[in-house]
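# Below are the sequence and a predicted model; questions follow.
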Amino acid sequence: MKDKMSRRKREKKDEAHTDESWLLPYADLLTLLLALFIVLFSTSSVDAQRFQALSQVFNGIFLGGTGPLDYQQPIENDDHSKDNPKPLDEEKQEEMEKEIEQDKPVQEEEMILDLEEQKELEAIQSKINAYIQKNDYSNKFDTSLTTEGLLLTIRDNVLFQSGKAEVREADKKTAKELAVLLEMEPPRNIIISGHTDNVPIGNAHFQSNWELSVMRAVNFMKVLLEDEKLDPKWFSAKGYGEFQPIGDNKTEAGRAKNRRVEVLILPRVKNVND
């Protein structure tokens, strides 16, 4: 009877011991997870050198020791110049400096081409300005050198009647004289663009200012191309309507500035046909 009672007590003790034994691997697992998250958090804000060191620590935790904290510290090497590569930032900087040095001759050549082109455009501008001054068109025509090329601006009342897109017969002579000024050797790309104010238009021919601006540019270009010395392949037409104003549409003077036709003479370096 006593043997049975003592056996039952031993079995109860063994069962209690078995129930608590899961705590040890569970604690080890939690410690490993904690170490993992610490390493991951650390690597998110360190440089390349520390990342390598932390990688060794990480390997030590999981491979090199008998417990979660039983690992060897990485040995730091004081001789960085021999064993450690250059930081990535320094390598990128050196590569950029080499590229800049290689590109210098090309950049200087482009600058020379730009200066030559500017002189040629200035010569064309002087010729057009002389024509404007001779005919007293200073209040109707204007020229300016822009980053895109030589821009000739023509007030719409010089060529068109209000709300119409056909060049007036009396003004075709002026358009043909301008065509002679556009005879260049070598030829250049020329863009004709029409612009209007923001006053709505609605008649039998045009339902919007955009349509009116397009047709004015096209019709003016047709008159220019009656000059047989001008090759149509160098010309194109655009219409912007009221969407590129140069004056205040709230005033009559501003609206008058916005009603215009522009002739843009592009630099030869930008010609797609060269």
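Cool, got the structure. Residues are numbered from 1 along each chain as shown.

# any weak-confidence spans in the stretch 151-274 of the chain?
269-274 (pLDDT under 70).

# now the helices for it?
Listed in chain order, the helices of the stretch 151-274 of the chain (DSSP state H, counting those that start in this stretch) span 169-181, 209-224, 252-258.

# As JSON lines, the ones you listed with mean neighbour count and distance to Gln161 would be great.
Any C-beta I mention is one placed from the backbone N, CA and C, and that applies to glycine too. Output for the helices of the stretch 151-274 of the chain, formatted as JSON lines (neighbours: other Cβ atoms under 10 Å; distance: least, Cβ to Cβ, whole Å):
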{"stretch": "helix 169-181", "mean neighbour count": "15", "distance to Gln161": "10"}
{"stretch": "helix 209-224", "mean neighbour count": "21", "distance to Gln161": "11"}
{"stretch": "helix 252-258", "mean neighbour count": "15", "distance to Gln161": "15"}
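
# right, and these - which one's nearest Ala35?
Between Ala35 and these, the shortest separation by Cβ to Cβ is 68.2 Å, and it involves helix 209-224.

# and the angle for that closest one with helix 169-181?
70 degrees (axes from the mean of the first three to the mean of the last three Cα atoms, to 10 degrees).

# Show me where the stretch 51-200 of the chain has its strands.
Along the stretch 51-200 of the chain, the segments classed as strands by DSSP state E, counting those that start in this stretch run 141-145, 150-155, 190-195.

# Would you map out the domains in the protein?
2-83, 124-270 (automatic domain parsing).

# from those domains, which stretch is densest packed?
domain 124-270 (a mean of 16; mean count of other Cβ atoms under 10 Å).

# Ignoring the adjacent residues along the chain, who's closest to Asp197?
Spatial nearest neighbour of Asp197, chain neighbours left out: Arg255 (3.8 Å); criterion: Cβ to Cβ, 6 or more residues apart in numbering.
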